[in-house]
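# Here is my input, please return the structure:
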Amino acid sequence: MRLLWMLDAHETRGQPLAEIARAEGVTRNTVAGLIYRVRREADAMACLCRRPENRDGGMPRRWWSGMSGSAGAWRPVAEVAAGLVEGVRR
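Here you go, the predicted structure:
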């Protein structure tokens, strides 16, 4: 979850790496390295979507934020997926 928060903060909100690092209690280089590795892995993967309209990134912004319950426990993937599908239908 921390990595997803870092990516969201940097990619969508434009938060500087140093600011993210302070909030997470790590060094700027740690954050930069994590983001670099995620981008490198994502760039290495080919999109397997057959339909062009599905090649838009797929998941809504902060899709992962609803994955933990109120007590911080992880919810089952099927439950999270059902919530995402229901949100798309609205």
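
# Cys49: which element?
Taking DSSP states H and E as the definition, one finds Cys49 inside no helix or strand.

# And it, how close does it get to Arg40?
21 Å (C-beta to C-beta, to the nearest Å). Heads up, the C-betas are built off the backbone N, CA and C, glycines and all.

# for Leu3, same thing?
14 Å.

# I'd guess Glu19 is in a strand, am I close?
No: Glu19: not assigned to a strand; according to DSSP: H, G, I helix; E, B strand; the rest coil it is helix.

# What residue, apart from its backbone neighbours, is nearest it spatially?
Leaving aside its sequence neighbours, Glu19 sits nearest to Ala9 (C-beta to C-beta, 6 or more residues apart in numbering; 7.9 Å).

# Equivalent analysis for Ala32, please.
Once flanking residues are discounted, Ala32 sits nearest to Leu17: 5.4 Å by C-beta to C-beta, 6+ apart.

# do you know how far that neighbour is from Gly25?
For Leu17, the distance to Gly25 (C-beta to C-beta) stands at 14 Å.

# go on, Ala42?
Distance, Ala42 to Gly25, using C-beta to C-beta: 26 Å.

# Same question for Pro16.
The gap separating Pro16 from Gly25 is 16 Å, by C-beta to C-beta.

# what residues are up against Leu7?
Residues counted as contacts of Leu7 (C-beta atoms under 8 Å, 6 or more residues apart in numbering) are 35, 38.

# Which of the three states applies to it?
Under three-state DSSP, Leu7 falls in the helix class.

# more neighbours, Leu17 and Gly25?
Shown here are Leu17 and Gly25; by other C-beta atoms under 10 Å, Leu17 has more neighbours (18 against 7).
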